[in-house]
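Asks: heads up, no residue letters with this:
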């Protein structure tokens, strides 16, 4: 993430509480439809890694209420965990002998 003063920080997640009225003006990504409404399916946008929680009618009438937001939170948590697992499995593991050779260790005859 790069700030206005050009300083940078690496982040895994950003949680932004917008209050009682949605305001997405600070997000410079293609997430709004032609009526300036957030495009999402159960809080998940088309932008990889960008999801929302607590939206009015995100999935049910209770989505924006403390007592019922847990269902949407569980859905998003499961989806994020599944995506992380997929990313982890997609990284090929190197064989130990290849790792030793790459590090300059002599090969055994």
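Replies: Good, I have the coordinates. Note that the coordinates shown come from a computational prediction; the quantities given were computed from them, not determined experimentally.
Asks: ok, and for the longest helix along the chain, which residues are buried?
Replies: Ranked by residue count under DSSP state H, the longest helix found in the chain is helix 69-90. Within helix 69-90, the residues that count as buried by 16 or more other Cβ atoms under 10 Å are 69, 72, 75, 76. C-betas here are computed from N, CA, C, even on glycine.
Asks: mind picking the lowest-pLDDT entry from the residues you listed?
Replies: Within the buried residues of helix 69-90, pLDDT reaches its minimum at residue 69, with 91.
Asks: OK, contacts around it?
Replies: Residue 69 sits next to 53, 54, 62, 63 when contact means Cβ atoms under 8 Å, 6 or more residues apart in numbering.
Asks: I'd like these as a markdown table, with pLDDT, secondary structure and distance to residue 46 appended.
Replies: What follows is the contacts of residue 69, written out as a markdown table (pLDDT from 0 to 100; DSSP: H, G, I helix; E, B strand; the rest coil; distance: Cβ to Cβ, whole Å):
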| residue | pLDDT | secondary structure | distance to residue 46 |
| --- | --- | --- | --- |
| 53 | 92 | coil | 17 |
| 54 | 89 | coil | 19 |
| 62 | 89 | helix | 25 |
| 63 | 90 | helix | 19 |
